[in-house]
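> build the 3D model from these lines:
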Amino acid sequence: MMALLAAVPTLTPPTGSDIVGLLPEVILGGAFVILLLLDLITPASRRTWLAAFSVVAIVAAFGTTVWGWFDAYNNPHVHGVFFGAFAYDRFGLFINGVLLTSALLVVVISPQYLNRRGLHYGEYYSLILAATTGMMLLAGAASLMVIFLSVELLSISLYILSGFSRTDERSQEAALKYLLLGGFASAFLLYGMALVYGETGHTQLEQIAIAIHSGIATVDPLLLIGVVLMLVGFAFKVSAAPFHMWTPDVYQGAPTSVTAFMSVATKVAAFAALIRVFSFAFPDLYPQWQTAVVFVCILSMVWGNLAALSQTSLKRMLAYSGIAQAGYILIGVASSPHDAGGTIGALFYLAAYSLTNLGAFAVITIMSGRGEDLDRYASIRGLAHRRPYVAAAMALFMLSLAGFPPTAGFFGKFLVFSAAIKSGLMPLALWGIATSAVSIFYYLRVVLLMYAKPDADAKSYEWSKTTVSGGAVVAFTTAGTLVFGVFVTLLYTVATAAQQGALPRL
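Residues are numbered from 1 along each chain as shown. As a prediction, the model looks like this:
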């Protein structure tokens, strides 16, 4: 018995640096628990208070993230907390900032939309905070175990949010498809992690990189299969082809505010984990996994853009657009081991895409009528004659997604294409340029419909009024899309610092 007791590892309490490294996640996770309790005593007519509490929690977490950004600069030797399971670096803090900003904008615009749809329940905000916490943990995860647990935390929350419209068959179908396909993707990810652990003997990314670099771990088929399976799991989360099957149906079936959140935040968090794992843990295996990433990249750009051409729903069009955008960001991932510009370009692109896509979905959200989402092309015809400012903002978002200057989307594409060319991946950059030209057709189609004259016999829609919160979100995303497109160095400098402050490569 004494021998067994002696074999039990001693539990060490977290140090001060451990708490500091996880402070934003602790604040948001604690707010999630408190929000669940507040929902029990908050009357239905005062549920907007829960949104206000969520905003306070997100702002507090964002404040600690900004403080951590400068603390990480003052303590460059501190990269890992909790025995190296979590990365305390500027890379993760940059992603935290993007995630928290996205969550804040979604929470601000949600009450008006949920009230009109009859979906204003307190657990909505709890699930948003829980999903955001999981995404932030995923962004800083430096261990395979933390990665998987983070993926499950954010996934379970999003499964429920996708089916939040309980009386809508499409919403229930979306939740079921997301749950089933998400379970398969998690299985691929977990099996890949098991193979990597079996070959290297480690779960922490830094130790895995050391084992491969030093030759302790043999680069055999099992290790490569594990890496490919992990790529499959991440590709599902970022909506990359051919693992995109869930995306159009889930985007269309889920409530629009939920679609806005998952289309941006999930992609940002998953790409952060993908970049950290493949660029910082598997750089020595780049010749082996490059082909798989390039294949997924090209297929995503081609299929996403071609499928978007035939859509008549804004949400489905933006779903296929998101698939294509994932392909463009993967260009940065494919270039990152050779050139730091690949990671910088991917980070810049993620931030620019978040603002632009959130703005586009914000427009759909404030257009939604009572009991339905007005996302059909027919419903936006002549929007400029009814809502000139909203139409102008939507036009800007479409141009940014297409890559027109001087928008943030243009420079996002410019940076990843430049990184590909510098890395010797000229054909990949040409694929990106060619498919971007194709995307102009369906993005400009939306703009032309909005500025066309409405038909005399067109159906009369019950348009919701643009509230202060909805207008503020559209104005913020519009300003961000323009500011980061004109003053590029503002975001580029921060993205560069994030790339330089990441876990050191071998």
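> could you pull out the strands for the chain?
For the chain, the strands defined by DSSP state E occupy 80-81, 86-87.
> so how far is the last one from its chain's centroid?
Spelled out, that is strand 86-87. The chain centre lies 19 Å from the centre of strand 86-87; the measure is Cα atoms, centre = their mean, to the nearest Å.
> who does it touch, helix- and strand-wise?
Contact partners of strand 86-87 among helices and strands, from 3 or more Cβ pairs under 8 Å, 6 or more residues apart in numbering; DSSP states H and E: helix 123-140. Backbone N, C-alpha and C define where each C-beta goes, glycine included.
> so which other helices or strands are in contact with the helix it packs on?
Partner elements for helix 123-140 (3+ Cβ pairs under 8 Å, 6+ apart): helix 23-41, helix 48-74, strand 86-87, helix 90-117, helix 144-162, helix 267-275.
> could you identify which of the strands of the chain is most buried?
With neighbours taken as mean count of other Cβ atoms under 10 Å, these reach their highest mean count in strand 86-87, at a mean of 24.
> is it possible to get a markdown table of the helices and strands packed on helix 123-140 that adds distance to residue 174 and mean pLDDT?
Shown next, in a markdown table, are the helices and strands packed on helix 123-140 (distance: least, Cβ to Cβ, whole Å; pLDDT from 0 to 100):
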| stretch | distance to residue 174 | mean pLDDT |
| --- | --- | --- |
| helix 23-41 | 23 | 93 |
| helix 48-74 | 23 | 90 |
| strand 86-87 | 32 | 90 |
| helix 90-117 | 15 | 92 |
| helix 144-162 | 5 | 94 |
| helix 267-275 | 17 | 94 |
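> of those, which is nearest residue 298?
The closest of those to residue 298 is helix 267-275. By Cβ to Cβ, the value is 16.8 Å.
> what residue ranges in the stretch 251-400 of the chain score low on pLDDT?
Counting by pLDDT under 70, the stretch 251-400 of the chain contains low-confidence ranges at 338, 369-374.
> now with 50, please.
Applying pLDDT under 50 to the stretch 251-400 of the chain flags no residue at all.
> need the helices for it, in chain order.
Remark: helices assigned in the stretch 251-400 of the chain by DSSP state H, counting those that start in this stretch are 256-261, 267-275, 286-308, 314-335, 340-367, 377-380, 383-386, 388-402.
> now do the longest one against helix 267-275, angle only.
Taking axes from the mean of the first three to the mean of the last three Cα atoms, to 10 degrees, one finds that helix 340-367 is oriented at 160 degrees with respect to helix 267-275.
> packing partners of helix 340-367?
helix 90-117, helix 256-261, helix 267-275, helix 314-335, helix 388-402, helix 408-422, helix 468-486, helix 488-500.
> and those helices as CSV, adding mean neighbour count and distance to residue 381?
Listed next are those as CSV, based on neighbours: other Cβ atoms under 10 Å; distance: least, Cβ to Cβ, whole Å:
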stretch, mean neighbour count, distance to residue 381
helix 90-117, 25, 21
helix 256-261, 28, 19
helix 267-275, 26, 29
helix 314-335, 27, 12
helix 388-402, 22, 11
helix 408-422, 23, 24
helix 468-486, 19, 20
helix 488-500, 18, 34
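> what's the longest helix seen in the chain packed up against?
In the chain, assigned by DSSP state H, the helix with the most residues is helix 169-200. The helices and strands touching helix 169-200, judged by 3+ Cβ pairs under 8 Å, 6+ apart, are helix 144-162, helix 205-214, helix 221-237, helix 247-253.
> can you mark which positions in the second one are buried?
Going back to what we said before, that points to helix 205-214. 205-212 (16 or more other Cβ atoms under 10 Å).
> do the longest one as well
Neighbour-count burial for helix 144-162, counted by 16+ other Cβ under 10 Å, picks out 144, 146-148, 150-151, 153-162.
> now the strands of the chain in CSV, with distance to residue 490?
Formatted as CSV, these follow (distance: least, Cβ to Cβ, whole Å):
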stretch, distance to residue 490
strand 80-81, 29
strand 86-87, 25
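> of those strands, which approaches residue 183 most closely?
strand 86-87 (25.6 Å).
> hmm, who's touching that closest one?
21-22, 79-80, 137, 140-143, 146, 276, 502-503 (Cβ atoms under 8 Å, 6 or more residues apart in numbering).
> now do stretch 290-304
228, 231, 235, 240-244, 278, 320-328, 330-331, 333-334, 425, 428, 431-432, 435.
> looking at the helices and strands packed on helix 340-367, which is closest to residue 343?
helix 488-500 (4.6 Å).
> residue contacts, residue 404?
residue 410.
> from residue 320, how far out is it?
19 Å (Cβ to Cβ, to the nearest Å).
> how about residue 362?
For residue 362 relative to residue 320 (Cβ to Cβ), the value is 19 Å.
> likewise for residue 475?
For residue 475, the distance to residue 320 (Cβ to Cβ) stands at 27 Å.
> ditto for residue 21
Distance from residue 21 to residue 320, by Cβ to Cβ: 38 Å.
> for residue 500, same thing?
Residue 500 is 35 Å from residue 320, by Cβ to Cβ.
> what does residue 307 give?
Distance, residue 307 to residue 320, by Cβ to Cβ: 5 Å.
> anything in contact with each of these two?
In contact with both residue 307 and residue 320: residue 248, using Cβ under 8 Å, 6+ apart.
> quick one on the thing from earlier: out of the buried residues of helix 144-162, who's nearest residue 351?
Among the buried residues of helix 144-162, and counting by Cβ to Cβ, the member closest to residue 351 is residue 154, at 19.1 Å.
> excluding chain neighbours, what is closest to the closest one?
residue 134 (3.3 Å; Cβ to Cβ, 6 or more residues apart in numbering).
> burial count for the one you found?
By other Cβ atoms under 10 Å, 26 other residues sit near residue 134.
> same check, this time on residue 89
25.
> so how far is stretch 414-424 off the chain centroid?
22 Å.
> any idea how far the residue lying closest to residue 309 once chain neighbours are set aside lies from residue 299?
Nearest residue to residue 309, sequence neighbours excluded (Cβ to Cβ, 6+ apart): residue 442, at 5.2 Å. Distance, residue 442 to residue 299, by Cβ to Cβ: 18 Å.
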